[in-house]
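J.: Have a look; sequence and predicted model below, questions after that.
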Amino acid sequence: MSQGSSIAVGLILVGFAVAGVIPAHAQAPADAGKAAAVATAHDLVYTRVADQDLKLDLAWPEAGTGPFPAIFVIHGGAWRAGDKAQHRDLLDRFARRGYVAISPQYRFCPKDVFPAQVYDVKAAVRWLKAHAAEYRVDPDRIGAMGFSAGGHLALMLGLTDSDDGFDKDTPAGEASTQVQAVVNYFGPTDLTAKDIPIISRPLLRDFLGGSAEEKPELALQASPLNYVSSDDPPVLTFQGTRDPLVPFSQALKLAEAITVARGKGRVELLLGGGHGNDWGTPEIERTFEQTLAFFDSILKRPG
């Protein structure tokens with residue numbers, strides 16, 4: 001590849017990574033229930049790794065005694081970029097609908113490679129469960145959702161358990177990181193797939209610390225598809241069929257694996273849709289309402 005071609009590909013990669021960071025949900029029209037009072041807390045330290053404080057943002061209903069269900073909203077950015085603060089509007093929307101909503105930061109590659117990011121989001125779940133009484137959270141009614149790389153991490157939260165090795169350094173007596181529902185917006189499910197687009201391969205290389213061919217066992221360990229089982233929480237996936245970064249075959253593989261395992265969930269293909277940034281406000285608002293209905297059906301108690 002010529003130097004000019006290398007620069008062009010690099011610019012495209014940066015553009016797509018940034019596009020995956022800010023889903024248009026954060027800019028979606030306000031809910032009818034916007035008047036409901038919401039309390040917020042930003043930049044709370046949930047864990048410290050080496051010399052880095054990892055922080056999260058919170059929003060919760062001011063009214064009511066709870067305990068409320070909770071939803072983790074995990075940002076995208078190819079595991080290398082992004083900012084939890086970009087989801088503060090979305091956290092407020094969930095809080096107005098009766099949820100405690102949380103957006104955690106996590107360590108970035110290539111400085112910190114897999115499984116650092118999985119460890120981090122699991123640590124955020126443990127932090128919330130440890131502070132459940134303070135924020136009126138029901139620790140047995142927690143959902144996770146994410147966009148792109150964040151969708152991948154939400155799937156890893158939902159599909160892995162204590163036997164999969166991601167909780168091995170957890171102190172004895174710490175709460176489980178189990179969640180009860182997952183919504184995945186165009187996150188990759190099989191990092192060993194042969195049809196990963198050329199443009200995405202450098203992103204995976206930085207995430208794994210090598211290519212899938214160089215690190216096949218690690219690529220398998222980093223693939224949510226590898227952990228699908230009959231006792232998984234329900235999973236809702238949204239995936240565009242013209243996504244230049246994550247082929248829609250990734251969503252189809254997840255659907256097939258959940259079907260074989262007799263699990264629960266749904267995969268929706270947005271025909272002609274890209275990597276989230278071109279969906280348009282009507283489609284984005286519709287998928288948000290579908291997300292909310294999905295979480296409501298699982299996490300909210302009747303009456």
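T.: Good, I have the coordinates. Quick caveat: nothing in here was measured; it's all calculated off a predicted structure.
J.: so how far is residue 300 from residue 222?
T.: Distance, residue 222 to residue 300, using CB to CB, to the nearest Å: 32 Å. Using the backbone N, CA and C atoms, a C-beta is placed for each residue, glycine as well.
J.: so where's the protein uncertain?
T.: For the chain, applying pLDDT under 70 flags the ranges 1-35, 168-173, 303.
J.: now the helices for it?
T.: 3-19, 88-96, 116-130, 149-159, 201-208, 216-221, 249-260, 281-299 (DSSP state H).
J.: which one of the ones you listed has the most crowded surroundings?
T.: The highest mean neighbour count among the helices of the chain, using mean count of other CB atoms under 10 Å, belongs to helix 149-159: a mean of 29.
J.: Residue 161 and residue 178 touch, don't they?
T.: Yes: the pair residue 161 / residue 178 is scored as a contact, 6.9 Å apart, by CB atoms under 8 Å.
J.: Please tell me how far residue 204 sits from residue 109.
T.: According to CB to CB, residue 204 and residue 109 sit 10 Å apart.
J.: Out of the helices of the chain, which is closest to residue 231?
T.: helix 149-159 (10.2 Å; CB to CB).
J.: between the closest one and helix 201-208, how many degrees?
T.: Inter-element angle recorded for helix 149-159 and helix 201-208: 50 degrees (by axes from the mean of the first three to the mean of the last three CA atoms, to 10 degrees).
J.: check contacts around the residue lying closest to residue 54 once chain neighbours are set aside.
T.: Spatial nearest neighbour of residue 54, excluding adjacent residues (CB to CB, 6 or more residues apart in numbering): residue 47 at 5.1 Å. Contacts here follow CB atoms under 8 Å, 6 or more residues apart in numbering; on that basis residue 47 touches 53, 54, 120, 123, 124, 127.
J.: Kindly reformat these as TSV containing distance to residue 194.
T.: Output for the contacts of residue 47, formatted as TSV (distance: CB to CB, whole Å):
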residue	distance to residue 194
53	40
54	34
120	29
123	33
124	33
127	38
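J.: for those, which one is nearest residue 250?
T.: residue 120 (22.7 Å).
J.: Once you drop chain neighbours, what's closest to the closest one?
T.: Spatial nearest neighbour of residue 120, excluding adjacent residues (CB to CB, 6+ apart): residue 106 at 3.8 Å.
J.: same question, residue 279
T.: Leaving aside its sequence neighbours, residue 279 sits nearest to residue 273 (CB to CB, 6+ apart; 5.6 Å).
J.: That neighbour is in contact with residue 243, isn't it?
T.: Yes: between residue 273 and residue 243 there is a contact under CB under 8 Å: 7.0 Å.
J.: thinking again about what came up before, list the contacts of the residue nearest to residue 279.
T.: Residue 273 touches 239, 240, 241, 242, 243, 279, 283, counting by CB under 8 Å, 6+ apart.
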